[in-house]
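A.B. asks: Curious how this folds, go ahead:
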Amino acid sequence: MKYIILTFIVGLIVFVSVKGCFYPTSYRAFIPKSLDSEYKEFEKFSQQELGRVLYARPLTEIEKNNLNKDSFYTITSRYGIKSKDMDMFVGIEFIYSEERLVYVYIKELGYYGGWNKWTFNLFILPNTTQRIYNSIKSVTINNSQIIQNKEIIGKLKIGDELDGSYAYVYLNIIVLKNLLDKPSYLNHFEENYDYFEDL
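C.D. replies: I've put the predicted structure just below:
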């Protein structure tokens, strides 16, 4: 009997280690989306913000002449947004051509519904606690929209930091900080936030 219990305990530890354990952090975790007034407000907010262009510029003639299927490099960076009025994540897609920024837009938004995920890592790595978000995704900007764009959208402060050679993840943070007319909620972003899950 004790071997059965021991096997069960070991199996439970392995399961929790692989799958993680979800737990509520507030009463809001038990409110269905259909009855959650704050979630409905978030849906309206998402309709306005998803796909919003934060920065864009026309391609140079050199960039146009060198166009091919690998001309654009895209990377989506995710940030937590926490203030007294909102608790969400935002996924921003940064698009580069020949290592120069071309296009930045809001690709994803996620709403915190009151659930966290705890993961036990079998003493190999530190245990982790992650916030779980309900995600809503926008339609991805296609290359034709970038190629056909003929205007500058948004104001980007050009400084020494943007002239340096950095990893794209770090460069994206610099770009976001240097966007002068970005929405006010992007002034409260948390760096290095890269986890979300759709419930």
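A.B. asks: tell me which residues form a beta bridge with residue 135?
C.D. replies: residue 110 (DSSP bridges).
A.B. asks: What sits closest to residue 77 if chain neighbours are left out?
C.D. replies: Closest residue in space to residue 77, ignoring its immediate chain neighbours: residue 172 at 4.5 Å, by C-beta to C-beta, 6 or more residues apart in numbering. Bear in mind the C-beta positions are built from the backbone N, C-alpha and C, glycine included.
A.B. asks: hang on, residue 43 in a helix?
C.D. replies: Yes: according to DSSP: H, G, I helix; E, B strand; the rest coil, residue 43 belongs to a helix.
A.B. asks: Could you pull up phi and psi at the residue nearest to residue 77?
C.D. replies: The phi/psi pair for residue 172 (degrees, to the nearest 10) reads phi -60, psi -40.
A.B. asks: List the residues that contact it.
C.D. replies: The contact partners of residue 172, taken as C-beta atoms under 8 Å, 6 or more residues apart in numbering, are 75, 77, 92, 94.
A.B. asks: buried subset of those residues?
C.D. replies: Those of these that meet the buried threshold are 77, 92, 94, by 16 or more other C-beta atoms under 10 Å.
A.B. asks: Tell me which entries of these lie within helices.
C.D. replies: Of these, none are assigned to helices by DSSP state H.
A.B. asks: So what's the gap between stretch 96-107 and the chain middle?
C.D. replies: Centroid displacement of stretch 96-107 relative to its chain, using C-alpha atoms, centre = their mean, to the nearest Å, is 15 Å.
A.B. asks: Tell me which residues are up against it.
C.D. replies: By C-beta under 8 Å, 6+ apart, stretch 96-107 touches 49-57, 59, 62-63, 66, 71-76, 90-95, 137-138, 140-141, 146, 149, 154, 156, 168, 175, 179.
A.B. asks: Can you spell out which residues form a bridge with the residue nearest to residue 63 when sequence neighbours are not counted?
C.D. replies: Nearest residue to residue 63, sequence neighbours excluded (C-beta to C-beta, 6+ apart): residue 97, at 5.0 Å. Residue 97 has the following beta-bridge partners by DSSP bridges: residue 72, residue 100.
A.B. asks: burial measure for residue 97, as a count.
C.D. replies: Neighbour count of residue 97, defined by other C-beta atoms under 10 Å: 21.
A.B. asks: now it: how far from residue 51?
C.D. replies: In this view, residue 97 and residue 51 are 20 Å apart by C-beta to C-beta, to the nearest Å.
A.B. asks: Residue 188 now?
C.D. replies: 21 Å.
A.B. asks: what's near enough to touch residue 83?
C.D. replies: For residue 83, the contacting residues are 185, 188, by C-beta under 8 Å, 6+ apart.
A.B. asks: Can you show me the helices along this structure?
C.D. replies: Under DSSP H, the chain gives helices at 2-19, 37-49, 61-65, 143-148, 160-163, 168-178.
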